[in-house]
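Asker: how would this look folded up:
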Amino acid sequence: MVLPLAAGLGLLSFGASALGAIGQHQSASAAARAQNEAAISNHKYKLKVRENNWRRERERYAAQRSQYQQETGVGGTNQLAAQRAQASNQQRLNNIYKKAGLTQQAQLVKLAQGSGLQAAAGRRGRSATRLDTNIVSQFGRNQAIMAESLLGAQFAARTRNDAIGRELMSANNQAFSNVAYAPEVGVAPPAPVMRSGPSGLSLAANLLGAAVDGAGAYKQFGGTGLG
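Answerer: Okay, the predicted model is just below:
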């Protein structure tokens, strides 16, 4: 049986339009699916990068905390350095005291020798008294100079110890500045925005439009068909 020409043309028009509508629907669905898969993959990658960065920050902070404790704890490097500096300062002061003691002994010996020489020379009277007074006065001046020098040494030692204390505090503060703020996990990347593919209703509407186009073609050529 041979279909009328109008019916054939209508079917051809509907078929072409329907195939086009289905093809467009499938293509749009595939594009949306591919875009969504790419967005999900990219989001997972960002989450992995965030996790790795957070792990490295925690490890770095833990190492800095350990270093801080080694530097500032009891027996730490900063305290040991300060103790060595203070011990060196005290040793310097002790050497000054020792030298002053030896100098004082020498001056006492010199004083005794001077008085002995005066007596051995048989000097008497005002002349001998004047000489003894000169010897004792010189000894007194030397003692005063020594005492002033020792006071200056003590002051210098205290000044150096104060400076050592400030340096220790500064070193501890510097060490603390490296661990003052614990790291925080970074902001999570926003969730991917999913693209909606074409709906079944749109496909149905396109197929309905194809049917309408086919019906229009049938009507247009309805009077020229063959029986």
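
Asker: so which residues of this structure form helices?
Answerer: 5-72, 77-120, 125-177, 200-220 (DSSP state H).

Asker: now do the contacts for the residue lying closest to residue 193 once chain neighbours are set aside.
Answerer: Spatial nearest neighbour of residue 193, chain neighbours left out: residue 39 (6.8 Å); criterion: Cβ to Cβ, 6 or more residues apart in numbering. Just so you know, the C-beta spots here come from the backbone N, C-alpha and C atoms, and that holds for glycine as well. Contacts of residue 39 were listed using Cβ atoms under 8 Å, 6 or more residues apart in numbering, and they are 192, 193, 194, 195.

Asker: can I get stretch 179-196 in PDB, CA atoms only?
Answerer: Output of stretch 179-196 as PDB, limited to C-alpha atoms (Å, rounded to 0.1, in the frame of the first residue of the first chain):
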ATOM      1  CA  VAL A 179      54.500  30.100  68.300                       C
ATOM      2  CA  ALA A 180      52.200  32.900  69.600                       C
ATOM      3  CA  TYR A 181      49.500  32.100  67.100                       C
ATOM      4  CA  ALA A 182      48.500  28.600  66.400                       C
ATOM      5  CA  PRO A 183      47.600  27.900  62.700                       C
ATOM      6  CA  GLU A 184      44.000  27.600  61.700                       C
ATOM      7  CA  VAL A 185      42.500  25.400  59.000                       C
ATOM      8  CA  GLY A 186      41.800  27.400  55.800                       C
ATOM      9  CA  VAL A 187      38.300  28.200  54.600                       C
ATOM     10  CA  ALA A 188      36.800  25.300  52.800                       C
ATOM     11  CA  PRO A 189      36.200  25.800  49.100                       C
ATOM     12  CA  PRO A 190      32.500  26.400  48.200                       C
ATOM     13  CA  ALA A 191      30.500  23.400  47.000                       C
ATOM     14  CA  PRO A 192      30.400  23.100  43.200                       C
ATOM     15  CA  VAL A 193      27.300  24.500  41.500                       C
ATOM     16  CA  MET A 194      25.600  21.700  39.600                       C
ATOM     17  CA  ARG A 195      24.300  22.500  36.100                       C
ATOM     18  CA  SER A 196      20.800  21.200  35.400                       C
END
